[in-house]
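Chemist: Provided below are the primary sequence and the corresponding predicted coordinates.
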Amino acid sequence: MSNIKGSYILVISVKKPIEKKIGSLGFISFSPGIYLYVGSAMNGIEQRVSRHLRKKKKKFWHIDYLLDDRNVEVIEVLYKESKKKEECIISRKISEFGIPINGFGSSDCKCKGHLYRIKNIKKLKDIKGLQKLRDVFT
């Protein structure tokens, strides 16, 4: 896979109720269920996602704190190739069917959050241009 630039979505399973300190956001409670995290990687999606999936890393982004929990697992990764950041556009689309975790992943924009709890993952099909990123799991 080449150096794809654009936005990505981590599909995350939270297996049981947890409370985590998420950087400067403080403690946040997460109910069991499916969450979508939207990010961008204009220097390469594959490298960014591979970093997210590593267990040993310095915590830099909000998502690093959540993924550090043993009851949290990335179950799928989707991406949309683009030459410009589209994470906020994708985030707004997910906000139509997801519940944002306020402030999570959105300290550099005006979105309510870039992490959403969702009930119906099938709504992702409404976001045009998304593809599965498979290579990161091999």
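Modeler: Nice, I can see it. Residues are numbered from 1 along each chain as shown.

Chemist: So which residue is smack in the middle of this structure?
Modeler: Tyr37 (1.9 Å; CA atoms, centre = their mean).

Chemist: Name the residues of stretch 77-84 that come out as buried.
Modeler: 77-80, 82 (16 or more other CB atoms under 10 Å). In this view, the C-beta of every residue, glycine as well, is placed from N, C-alpha and C.

Chemist: what's around the closest residue in space to the residue nearest to the centre of the chain that isn't next to it in sequence, how many residues?
Modeler: In space, and not counting its chain neighbours, Tyr37 is closest to Leu10: 4.3 Å by CB to CB, 6 or more residues apart in numbering. Neighbourhood size, Leu10 [other CB atoms under 10 Å]: 22.

Chemist: Same question for the one 3 residues further on.
Modeler: If you count neighbours by other CB under 10 Å, Ser13 ends up with 14.

Chemist: That one: what's it in contact with?
Modeler: 33-35, 72-75 (CB atoms under 8 Å, 6 or more residues apart in numbering).

Chemist: what about 7 Å?
Modeler: 34, 73, 75 (CB atoms under 7 Å, 6 or more residues apart in numbering).

Chemist: My understanding was that Ile12 contacts Val77; is that so?
Modeler: No. Ile12 is beyond contact range of Val77, at 10.0 Å (criterion: CB atoms under 7 Å).

Chemist: Could I get the contacts of Ser13 in a markdown table, plus columns for neighbour count, distance to Ile121 and pLDDT?
Modeler: Shown next, in a markdown table, are these (neighbours: other CB atoms under 10 Å; distance: CB to CB, whole Å; pLDDT from 0 to 100):
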| residue | neighbour count | distance to Ile121 | pLDDT |
| --- | --- | --- | --- |
| Ile34 | 17 | 6 | 96 |
| Glu73 | 13 | 15 | 94 |
| Ile75 | 11 | 10 | 93 |
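
Chemist: which residues in the protein form helices?
Modeler: 45-53, 62-67, 87-94 (DSSP state H).
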